[in-house]
Structure formats: structure tokens, C-alpha cells
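Novice: Need coordinates for the below:
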Amino acid sequence: MGIHCEYVRLSPAELRRSLGDPPWAQEHLDELGDAWADEDPLPPEKAPFFSIEKTWHKLHHLLAAHGGMPVDIIHGGAELSLEKEMDYGPARYLSPQDVAGAAGFLGSTPFGELARHYDLAAMRRADIYLLPESKAEVSSDLDILRRRYQELTRFFRAAATAGDTVVLMLT
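Specialist: Numbers count the residues shown, from 1 in each chain. Next up is the predicted model:
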């Protein structure tokens with residue numbers, strides 16, 4: 001199955017409730033995740049829940065190598081207390097201001113600029129979580145990363161436009 005990076009959009013009211021009621025937050029995040037897994041997912045710009053699945057570590061590596069990202073969209077933000085402890089670190093959330101900064105950066109940074117930093121040998125040395133596609137042609141790996149990056153950009157743009165908080169989870 002592997003480690004996935006998942007995102008949830010929360011309105012300001014949902015964030016306030018989540019901060020004051022960890023059992024409610026847990027239930028809400030679980031319901032959104034279950035709906036995403038059980039149904040045909042909405043396009044990222046309309047989805048309250050979104051996953052970049054196993055591409056998270058490579059995208060994080062490419063963003064870090066490129067530099068300039070105003071906030072860490074994988075490990076950043078403040079901790080969000082939940083009822084259950086997560087296996088790969090706590091849930092975290094980015095403020096609407098951080099979401100807007102991330103959306104601006106993602107929207108103004110074409111994937112081609114990140115792809116220049118793609119070095120499979122260096123990723124292996126750095127113990128970057130590799131996809132099965134990494135054993136295939138580099139072009140197919142880059143195609144998957146490009147698609148996920150574009151979807152992530154659309155998700156963050158929509159969250160920023162709505163003034164939402166984004167919860168980050170490694171599951």
C-alpha cells in the first residue's frame with residue numbers, strides 16, 4: 001500500500017471546530033477520506049479531500065531542490081490534534097495565508113522548472129520514497145509527477161480562493 005500524502009480543505013468554521021473538538025475533527029477527516037476512496041473523486045479544484053498518493057516524497061524533493069517555496073506543503077504548518085495518533089507524524093494544517101502563498105508559488109512555477117532537478121540516482125542516495133514507475137523510464141515517472149503537481153496546484157488554488165485552511169496528512 002505505501003505512504004500517501006493527503007490534503008483536506010477546511011473552512012474557517014471547520015478549522016475552529018476541529019481545533020476545539022479533536023474527536024469531531026477525526027470523524028470529519030475520516031468521512032472525507034472514505035468518500036474520496038469510495039467514490040469517483042471530484043476534480044482537485046472541487047474536492048474537499050485530495051491525495052497525491054505516493055508521489056509526495058519525490059515532489060517534496062523536487063520542490064526543495066528548486067527552492068523558493070514559501071511553506072512546506074508536505075511537513076509544514078501547525079499540528080492538528082486528532083483523536084487517534086497517525087502512523088507517520090501528526091496531521092498538520094496550513095493557515096489561509098500559507099495556503100495562498102503555496103498556491104501562488106505552485107501556480108507560478110511550471111513543472112518543467114522542477115523537472116530539471118530530477119535525478120533518480122540522487123533520490124535513491126537520499127532514500128526518497130520511490131514509485132514503482134521509477135524502475136521504468138524516467139519520462140513515465142516525470143509524467144506521473146507532472147500530473148500530480150498540476151492537480152496539487154489546482155487544489156491549492158481553489159483552497160486559496162475560498163480562504164480555506166489545508167490539512168496535511170501522511171497516511
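Novice: Pull the distance from the worst-scoring helix or strand of the chain on mean pLDDT to the chain's centre.
Specialist: Lowest on mean pLDDT, DSSP states H and E among the helices and strands of the chain sits helix 120-125, with a mean of 86. Here the centre of helix 120-125 is set off from its chain's centre by 22 Å, with C-alpha atoms, centre = their mean, to the nearest Å.
Novice: got the buried residues for that helix?
Specialist: Applying a neighbour-count criterion of 16 or more other C-beta atoms under 10 Å, the buried positions in helix 120-125 are Met123. Quick note: C-beta positions are derived from backbone N, CA and C, even for glycine.
Novice: Check stretch 60-77 too.
Specialist: Within stretch 60-77, the residues scored as buried using 16+ other C-beta under 10 Å are 60-63, 69, 71-74, 77.
Novice: same deal with stretch 148-165?
Specialist: Within stretch 148-165, the residues scored as buried using 16+ other C-beta under 10 Å are 148-149, 151-160, 164-165.
Novice: average pLDDT for it?
Specialist: When the per-residue pLDDT values of stretch 148-165 are averaged, the result is 98.
Novice: Now find how far off-centre it is within its chain.
Specialist: 10 Å.
Novice: Keeping just the C-alphas, turn that stretch into CSV.
Specialist: C-alpha atoms of stretch 148-165 as CSV (Å, rounded to 0.1, in the frame of the first residue of the first chain):
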residue,chain,number,x,y,z
ARG,A,148,0.1,15.2,-9.6
TYR,A,149,1.9,18.6,-9.4
GLN,A,150,-0.7,20.1,-11.7
GLU,A,151,-3.6,18.6,-9.6
LEU,A,152,-2.0,19.8,-6.4
THR,A,153,-1.7,23.3,-7.9
ARG,A,154,-5.4,23.3,-8.8
PHE,A,155,-6.3,22.0,-5.3
PHE,A,156,-4.3,24.8,-3.6
ARG,A,157,-5.5,27.5,-5.9
ALA,A,158,-9.1,26.6,-5.2
ALA,A,159,-8.4,26.4,-1.4
ALA,A,160,-6.7,29.8,-1.5
THR,A,161,-9.6,31.4,-3.5
ALA,A,162,-12.1,30.1,-0.9
GLY,A,163,-9.9,31.3,2.0
ASP,A,164,-9.6,27.7,3.3
THR,A,165,-7.1,26.1,5.6
